[in-house]
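Visitor: Need a 3D model of the sequence below.
(chains A, B, C and D)
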Protein chains: 2
Amino acid sequence: MDINDKQKEILLVAEDLFAKNGFDGTSVRDIAQKASINVAMINYYFGSKEKLLETLVQYRANEHRIDPSQYDFETDALKRLDRMIEHYVEKKITNQHIYQILATEASVKKRVVNSQKFKELRLYNINCIKEVVEYGCQQKVFKYYDPILLHTTMIGTFMNLRMNQSIFEDLLHLDPKQDFNQFLREALTKHLKFTLKAILTHEN
Amino acid sequence: MDINDKQKEILLVAEDLFAKNGFDGTSVRDIAQKASINVAMINYYFGSKEKLLETLVQYRANEHRIDPSQYDFETDALKRLDRMIEHYVEKKITNQHIYQILATEASVKKRVVNSQKFKELRLYNINCIKEVVEYGCQQKVFKYYDPILLHTTMIGTFMNLRMNQSIFEDLLHLDPKQDFNQFLREALTKHLKFTLKAILTHEN
DNA sequence: AGCAACTAAACAAATGTTTAATTAAACACT
DNA sequence: AGTGTTTAATTAAACATTTGTTTAGTTGCT
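Guide: Have a look, this model is predicted:
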């Protein structure tokens, strides 16, 4: 399915609203109004509200894929891990809307929206992490640790920081003028680097 | 507000459905049917659907508070940390429904349901973690690490494991007959113990 | 003329809430 | 214990909105 500019515009508006208010909390009229189009256009272009969500997931899903070429030129295992984390955090921040939608939808039992696509993405990313870990083991720098759990901690920590933005703004006395994404980028990257390094080099 | 048995029954049914389908994905008729009561009873008892949610949050919020007496008898800093994590995981598992509702609602911008109660709870729990960390520092066993980030990693890892139960059942080839909560309890506790110990004893 | 893009209006179903009436429980008084 | 009275619990029905979707028609472009 190729998407024209009009459709893309609708998708972006929908993404924004779904992330903010949830799928059930967003009506097609909300989307239509914000996108300055007629309600009927949503069904005209996408068939239904649910199919709009599926199209959006398809459209965005691959943007969360880790790209190993961003870090595997590093021969030092620790530096490679650091680069991977930087790359990972950057990807999540750039595409935070769709990920939040996917994460929320994944916990909603009554819609099984594209969970296959979601699973594939996870498996792929977990495998990238696994390769970085194995490289470090091979170099005798890391001790092996389950990449599924590493991934869970990475994504979980990110999501938790993100979902509770307002709490952290209070808690950490963040300057409201300073961008929260910048805080995320810096603090989260640093924290994840430290945590993974600690786990992978910890003597049992 | 004191809650009679009938009201409690409604709250429990609502909690179940909200966790499964989200607040917006659950209608008052869904609740009424599953609780075998008339729809009007919900407004009769709670005033509105939103107030029902607020009552539920009030009713459950305190059940997530860490209870220091469950671990602070341990004089060994590492053992105390381990006990604290066991206690923490157990609390989260026992009250997973309400926590998922709170977490989802916290990310929904249009409802600012009881976020104050939520923040207070976090601050309290973070402080408990802080005290355990400081005790370990005092004993020269730990290096100090930001308790906010530790808490974020704990809760984030838990939530991420939980929210993606189906994915993990596939990924880890879990025996479907085995209880997922039992896997959570064991694997998560072990992982968090290892992670926090690694972070707190890591030489920089 | 033909086709895609677009619109206003209507549709049926579902939503949260209220009303008005009925039943059940608690109460006070003899 | 039995009376009439008041209060609380419960019900079916109706209410007004809002929901996602469809229809039937119009516009604009080739």
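
Visitor: Could I get the buried residue list for the lowest-mean-pLDDT helix or strand in chain A?
Guide: For chain A, the helix or strand with the lowest mean confidence is helix A:165-171, at a mean of 79 (criterion: mean pLDDT, DSSP states H and E). Buried residues in helix A:165-171, counted by 16 or more other Cβ atoms under 10 Å in any protein chain shown: A:165, A:167-168. The way it works is simple: take the backbone N, C-alpha and C, and place the C-beta from them, glycine included.

Visitor: Equivalent analysis for stretch A:137-148, please.
Guide: Buried-residue list, stretch A:137-148, by 16+ other Cβ under 10 Å: A:141-142, A:145-148.

Visitor: for DNA strand D, what are the nearby residues on chain A?
Guide: A:26-30, A:39-40, A:42-44, A:47-50 (Cβ under 7 Å from any atom of the strand).

Visitor: What's the ChimeraX line that selects buried ones from these?
Guide: In ChimeraX syntax, the buried subset of those is picked out as below (16+ other Cβ under 10 Å):
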select /A:26,28,30,42,49
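
Visitor: Of the residues of chain A next to DNA strand D, which are in range of DNA strand C?
Guide: Answer for the residues of chain A next to DNA strand D near DNA strand C (Cβ under 7 Å from any atom of the strand): A:39-40, A:44.

Visitor: and of those, the nearest to A:Leu188?
Guide: Set against A:Leu188, the nearest of these by Cβ to Cβ is A:Val39 (39.2 Å).

Visitor: Count the neighbours of the residue nearest to that closest one when sequence neighbours are not counted for me.
Guide: The shortest distance from A:Val39 to any non-neighbouring residue, by Cβ to Cβ, 6 or more residues apart in numbering or on different chains, is to A:Ala32 (4.4 Å). Applying other Cβ atoms under 10 Å in any protein chain shown, we find 18 other residues in the vicinity of A:Ala32.

Visitor: List the contacts of A:Ala32.
Guide: For A:Ala32, the contact set (Cβ atoms under 8 Å, 6 or more residues apart in numbering or on different chains) comprises A:38-39, A:41-42.

Visitor: cool, and A:Thr94?
Guide: Counting by Cβ under 8 Å, 6+ apart, A:Thr94 has contacts A:Glu63.

Visitor: where exactly do the strands run in chain A?
Guide: Counting by DSSP state E, chain A has no strands at all.

Visitor: Among the buried residues of stretch A:137-148, name the ones in helices.
Guide: A:147-148 (DSSP state H).

Visitor: want to try TSV for the buried residues of stretch A:137-148, with pLDDT and distance to B:Thr75 as columns?
Guide: Below are those laid out as TSV (pLDDT from 0 to 100; distance: Cβ to Cβ, whole Å):
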residue	pLDDT	distance to B:Thr75
A:Val141	97	35
A:Phe142	98	33
A:Tyr145	98	30
A:Asp146	96	32
A:Pro147	96	36
A:Ile148	94	35
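
Visitor: ok, and which of the buried residues of stretch A:137-148 reach chain B?
Guide: A:146, A:148 (Cβ under 8 Å from any Cβ of the partner chain).

Visitor: what's the longest helix in chain A?
Guide: helix A:115-138.

Visitor: Which strands and helices lie in contact with it?
Guide: The helices and strands touching helix A:115-138, judged by 3 or more Cβ pairs under 8 Å, 6 or more residues apart in numbering or on different chains; DSSP states H and E, are helix A:49-61, helix A:77-94, helix A:96-107, helix A:147-163, helix B:165-171.

Visitor: who touches the residue of chain A found nearest DNA strand C in this structure?
Guide: The minimum distance from chain A to DNA strand C, using Cβ to the nearest atom of the strand, falls at A:Asn38 (3.2 Å). Counting by Cβ under 8 Å, 6+ apart, A:Asn38 touches A:Ala32.

Visitor: now do A:Asp170
Guide: B:Lys119.

Visitor: try the one 4 residues further on
Guide: Going by Cβ under 8 Å, 6+ apart, A:Leu174 touches A:168, A:180, A:183.

Visitor: What does it show for phi and psi?
Guide: Main-chain torsions, A:Leu174, degrees, to the nearest 10: phi -70, psi 140.

Visitor: quick one: A:Leu196 from A:Val133, how far?
Guide: 9 Å (Cβ to Cβ, to the nearest Å).

Visitor: Hmm, I typed the wrong one, I wanted A:Thr75.
Guide: Per Cβ to Cβ, A:Thr75 is found 16 Å from A:Val133.

Visitor: Comparing those two, which residue is more hemmed in?
Guide: Counted by other Cβ under 10 Å, A:Thr75 and A:Val133 do not tie: A:Val133 has more neighbours, with 23 against 9.
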